[in-house]
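> 3D model of this:
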Amino acid sequence: MNPNSEEILKRIRIALQPWKKDIEEKRMFGGTCFLFKGKMCVGETKERLMVRVPREKMEEVLTNPFVGPMNFTGKPMKEFIFVTKQGFDTEEKLQQWAEIGVAHAKTKLK
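Numbers count the residues shown, from 1 in each chain. Next comes the predicted model:
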């Protein structure tokens, strides 16, 4: 694995510490994803974050210059975004993305 990807994964693990007992790691989307109670919330692929975003926050989140819709097939995936390195270059920013991902996962548990 790319050393930069491994470093990002370490940072994600730290960000997800508050939910540690409910988090599992899984290889998905050509990278590593973290699932909260079985629902994907955040991950890393090609040195970018993949984040699940609650539907009502998508429009606001997509105004961030370092965020774009996630698409693997040429078509954006619903409630998924990519965040480039500049969008999570501090632990505070990464923490915010982790919290958004967990919030999305919680909406899918009902």
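
> Go through this structure and flag its longest helix.
If each helix of the chain is counted by residues according to DSSP state H, the longest one is helix 91-107.

> mind listing what's buried in that helix?
Within helix 91-107, the residues that qualify as buried are Lys93, Leu94, Gln95, Trp97, Ala98, Glu99, Ile100, Gly101, Val102, His104, Ala105, Lys106, counting by 16 or more other CB atoms under 10 Å. In this view, the C-beta of every residue, glycine as well, is placed from N, C-alpha and C.

> what's next to it, contact-wise?
Outside helix 91-107, the residues that touch it by CB atoms under 8 Å, 6 or more residues apart in numbering are 11-12, 14-16, 19, 34-37, 39-42, 49, 51-54, 57, 61, 79, 83, 87-88.

> related to what we said a few turns ago, closest to Glu7 among the buried residues of helix 91-107?
Leu94 (11.3 Å; CB to CB).

> Name the nearest residue to that closest one, ignoring sequence neighbours.
With CB to CB, 6 or more residues apart in numbering as the measure, Phe88 is the residue that lies nearest to Leu94, at 4.3 Å, once sequence neighbours are left out.

> again with Lys85
Using CB to CB, 6+ apart and skipping residues adjacent in sequence, the residue nearest Lys85 is Glu47, 6.1 Å away.

> The one you found is in contact with Glu6, isn't it?
No: between Glu47 and Glu6 there is no contact, the gap being 10.5 Å when judged by CB atoms under 8 Å.
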